[in-house]
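**Q** after the sequence you'll find the predicted model.
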Amino acid sequence: AQSVTQPDIHITVSEGASLELRCNYSYGATPYLFWYVQSPGQGLQLLLKYFSGDTLVQGIKGFEAEFKRSQSSFNLRKPSVHWSDAAEYFCAVGQRTGRRALTFGSGTRLQVQP
Amino acid sequence: DAGVIQSPRHEVTEMGQEVTLRCKPISGHDYLFWYRQTMMRGLELLIYFNNNVPIDDSGMPEDRFSAKMPNASFSTLKIQPSEPRDSAVYFCASSPRPGSGSYNEQFFGPGTRLTVL
């Protein structure tokens, strides 16, 4: 069975600083990988996805993520954080065949200090 | 595109009452998912449908919960009778069929915040 670990429950960064949110997955093959963002009182919004090819993927709002097969990781990065990035971030993994459901991590809450 | 539509956005009810949550997926999407989100348990998959047929309901907590999808544009999640521990945010999500430029990504609705007193 696949699983996703987001080791950081809560992260605080200063506005303008760089950000990296960690995600590790467990899956027998190369999965589809996703990052979602949830602002307070909102649903989950897709930031970016990896399915094949270039291991560095670009998303919306200036985010990027890098797939590292050797480390089973898909970390999310942003070079300069804005106050509006304060939210909860979820990493998710999906299978390439068969079961269509995604497995989500437990989330990382990002706080941005002025 | 209107996105996934859920109603109501907020529901407050008393223990023992029946609750019905509604979802309209994105037009043309073949998959529909129901999730529950709580502080304690995070985001949990309850059930998902493919072409209106339930595929996996192993996440449904107990017999008090039921879900239906009578057609491609509408689904309901019903709780009868409701209990205080059912208080949570319930999300509906939809996903296109494989091979149509889709890679299992899901598109979420805004959620229904349910409070059972």
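**A** Yep, that arrived.
**Q** near chain B, which residues of chain A?
**A** A:32, A:34, A:36, A:42-46, A:49, A:51, A:90, A:94-95, A:99-102, A:104, A:106-107 (C-beta under 8 Å from any C-beta of the partner chain). From N, CA and C alone the C-beta is placed, and that goes for glycine too.
**Q** mind listing which of the residues you listed are in strands?
**A** Residues from the residues of chain A next to chain B lying in strands, with DSSP state E as the criterion: A:32, A:34, A:36, A:44-46, A:49, A:90, A:94, A:104.
**Q** got those residues as CSV, with pLDDT and neighbour count columns?
**A** CSV is the format used below for these (pLDDT from 0 to 100; neighbours: other C-beta atoms under 10 Å in any protein chain shown):
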residue, pLDDT, neighbour count
A:Tyr32, 92, 19
A:Phe34, 96, 28
A:Tyr36, 97, 25
A:Leu44, 95, 28
A:Gln45, 95, 15
A:Leu46, 95, 16
A:Lys49, 94, 20
A:Phe90, 97, 24
A:Gly94, 90, 22
A:Phe104, 93, 22
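**Q** gap between B:Pro25 and B:Pro8?
**A** In this view, B:Pro25 and B:Pro8 are 17 Å apart by C-beta to C-beta, to the nearest Å.
**Q** those two: which has the busier surroundings?
**A** B:Pro25 (25 against 13; other C-beta atoms under 10 Å in any protein chain shown).
**Q** show me what contacts the nearest residue in space to the more buried one that is not next to it in sequence?
**A** Of all residues not flanking B:Pro25 in the chain, B:Ser94 sits nearest, at 3.4 Å (C-beta to C-beta, 6 or more residues apart in numbering or on different chains). B:Ser94 makes contact with B:4, B:25-26, B:29, B:31-33, B:106-107, according to C-beta atoms under 8 Å, 6 or more residues apart in numbering or on different chains.
**Q** switch the cut-off to 7 Å
**A** B:4, B:25-26, B:29, B:31-32, B:106-107 (C-beta atoms under 7 Å, 6 or more residues apart in numbering or on different chains).
**Q** tell me which element it falls in.
**A** strand B:88-95 (DSSP states H and E).
**Q** mean confidence score for that strand?
**A** Across strand B:88-95, the average pLDDT comes to 96.
**Q** list the contacts for the residue lying closest to A:Val81 once chain neighbours are set aside?
**A** Nearest residue to A:Val81 in three dimensions, chain neighbours excluded: A:Leu19, at 4.9 Å (C-beta to C-beta, 6+ apart). Taking C-beta under 7 Å, 6+ apart as the contact definition, A:Leu19 lies against A:13, A:77-78, A:81.
**Q** what about 10 Å?
**A** A:11, A:13, A:63, A:76-81, A:85, A:89, A:110, A:112 (C-beta atoms under 10 Å, 6 or more residues apart in numbering or on different chains).
**Q** what bridges to it?
**A** A:Lys78 (DSSP bridges).
**Q** ok, and what's touching the helix or strand encompassing B:Lys78?
**A** For B:Lys78, the enclosing helix or strand under DSSP H and E is strand B:74-79. Applying C-beta under 10 Å, 6+ apart, the contact partners of strand B:74-79 are B:5-6, B:11, B:13, B:17-25, B:32-36, B:46-47, B:49, B:52, B:60-62, B:64-70, B:86, B:90, B:92, B:94, B:112, B:114, B:116.
**Q** A:Leu102: how many residues sit nearby?
**A** The number of residues near A:Leu102, taken as other C-beta under 10 Å, comes to 28.
**Q** just want the most central residue of chain B.
**A** B:Trp34 (2.8 Å; C-alpha atoms, centre = their mean).
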